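Student: Task: produce atomic coordinates for the following.
(2 chains)
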Amino acid sequence: MSPENFEPRLVGFLCNWCSYTGADLAGTSRMAYAPNLRVIRVMCTGRVDPQFVLKAFQAGADGVLISGCHPGDCHYKEGNSKALRRHRLLSRVLGQFGIEPERFRLEWVSASEGQKFQQVCNDFTERLRKLGPLNLNGARGGSRG
Amino acid sequence: MDNPKPKVAFYWCASCGGCEEAIVDLGQDILKVVEAVDIVYWPVALDFKKKDLEAMPDGSIAAAFINGGIRMSEQEEMAHLVRRKSQMVIAFGACAHLGGIPGLANFWDKSTIFRTVYHTTASTVNPEGTEPQRETTLDGHVLTLPEFWDSVLPLDAVIDVDYYLPGCAPNKDLILQAVTAILEGKLPAKGAVLAPNKSCCDDCARNKTKPEKILIQKVKRPHEVNLDPETCFLTQGVICMGPATRGGCGERCIEGNMPCRGCMGPTDQVHDQGAKFLSAFASLIDADDEGQVERVLGSIADPAGTFYRFSLPSSILKKKRMEAIR
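Tutor: A predicted model of the protein is given here:
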């Protein structure tokens, strides 16, 4: 696939209280942004089990976004702080698996930041378009296994 | 019928021999097992050949215990042969169950492993650059070797597995319980792991020393600290896989003052032991801002190798991305 034609497939885990509402605001405000992100609403970024992220990559995602409330604003007090710690540790582990850290992004988007959501979507899509497909399953050449 | 005793077979693939040792370690109890069954194939201990196994009718073995992961073509071929001859196959030990320690090689592929082993290590003397070949002709004879695969696979990636006996190696009680269950026909549903479905912490004597909230400021490796023999390892800042690992192992490591390394694999509810431990462990880090988080996490030497020590080939990602290896 030539780089111009490559459309990154992105999965986004958005928290119910801030980022999903922020994404909603971007929509109701009729802001245009890249359509590459498939949004999954979770109650809190602290609910995002690292298994979900691995599963997304394994199932063909080129990038995964976790987006939640700004530090200090978590509806459940410290869910986003746990998400931050898991994100940093999982990024290191993904690096050991040969998956670039740029493919796994954590952002804070509040309910009033529709514009930030638009910018995050566009930026993530553009960066991954440049980085190219993950090819986790397709490029598993070599002999058996 | 002359011999009504059920026939049993043991086979080994990519493993260290510790699982065979575990069977011998049954001690006197092995006599009870031998009394109840007829061992018809066990290459490590008894002189049977592949042709003897081939000569047996299909399905004539009641239960086969296979240990070790699948590293080479020969192991896959033998696993298929044992499967065909057996009514039931039990993946015996962590390597057959999850891939095990040899599965850590999945962070590399065949060419990088061969380059290291046959060319670049300091102790290698190989001026002609010889590497193992599938086929070599020597004095008119054709010699063959099995093919070394690009990655290690758990047993159930190549054959149908009925039950799993976890552990490195499975402990005596679990082995005897499994053998008894097979003989009495009191087995759970197919596909079950023959060990309790609860975490290692559940049985751990140190559990009561765990504070309300564990807060880790620096991650230490076991050799860097004088470990208290009674306190929860995580409380001491040492990585212990207990929270994400199945119990029932008998806690020999914990009793020896060493943290759990995860050999029993995950419980039934978890797909990926490494990711699940990562999730639990990150939540114990005493840090909220980015700088602090990076500082604490920076003290973990090899997170992927530690969290997936026994389970890499059966994890969600299974191996390092090929593009990144080359």
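
Student: Please name the spatially closest residue to the residue in chain A that chain B sits nearest to (chain neighbours excluded).
Tutor: Chain B sits closest to A:G98 of chain A, with a gap of 2.5 Å, by CB to the nearest CB. For every residue, glycine as well, the C-beta is placed using N, CA and C. Once flanking residues are discounted, A:G98 sits nearest to B:A324: 2.5 Å by CB to CB, 6 or more residues apart in numbering or on different chains.

Student: three-state assignment of the one you found?
Tutor: helix (DSSP: H, G, I helix; E, B strand; the rest coil).

Student: residues in contact with residue 107?
Tutor: Let's take chain A. By CB atoms under 8 Å, 6 or more residues apart in numbering or on different chains, the contact list for A:E107 reads A:19, A:65-67, A:116, A:120.

Student: Sorry, I should have been clearer: chain B.
Tutor: A:96-97, B:304-305, B:312, B:319-320.

Student: ok, B:M264 - how many residues close by?
Tutor: Counted with other CB atoms under 10 Å in any protein chain shown, residues neighbouring B:M264 total 31.

Student: who touches it in this structure?
Tutor: Counting by CB under 8 Å, 6+ apart, B:M264 touches B:94, B:166-167, B:195, B:200, B:245-249.

Student: and the residues you listed near chain A, which?
Tutor: Counting by CB under 8 Å from any CB of the partner chain, nothing from the contacts of B:M264 sits close to chain A.

Student: most centrally placed residue in chain A?
Tutor: Taking CA atoms, centre = their mean, the centroid of chain A lies closest to A:L65, which sits 0.9 Å from it.

Student: State the pLDDT value of that residue.
Tutor: With respect to pLDDT, A:L65 scores 98.

Student: and it, that's in a strand?
Tutor: Yes. A:L65 forms part of a strand when assessed by three-state DSSP.

Student: and the nearest residue to it once chain neighbours are set aside, how far is that from A:N80?
Tutor: Using CB to CB, 6+ apart and skipping the chain neighbours, the partner closest in space to A:L65 is A:G12 (4.1 Å). Distance, A:G12 to A:N80, by CB to CB, to the nearest Å: 15 Å.

Student: and if you look at B:V125?
Tutor: Distance from B:V125 to A:N80, by CB to CB: 56 Å.

Student: Neighbour count for those two, which is higher?
Tutor: Using other CB under 10 Å as the criterion, B:V125 and A:N80 rank with A:N80 on top: 29 against 4.

Student: SS state for residue 11?
Tutor: By default, I'm working from chain A. Following three-state DSSP, we place A:V11 in the strand state.

Student: oops, I was thinking of chain B
Tutor: What three-state DSSP gives for B:Y11 is strand.

Student: quick one: it and B:V82 touch, right?
Tutor: Yes. The criterion here is CB atoms under 8 Å, and B:Y11 meets it with B:V82 at 5.2 Å.

Student: overlap in contacts of those two?
Tutor: Shared contacts of B:Y11 and B:V82 (CB under 8 Å, 6+ apart): B:41, B:64, B:66.

Student: and of those residues, the nearest to chain A?
Tutor: B:I66 (16.9 Å).
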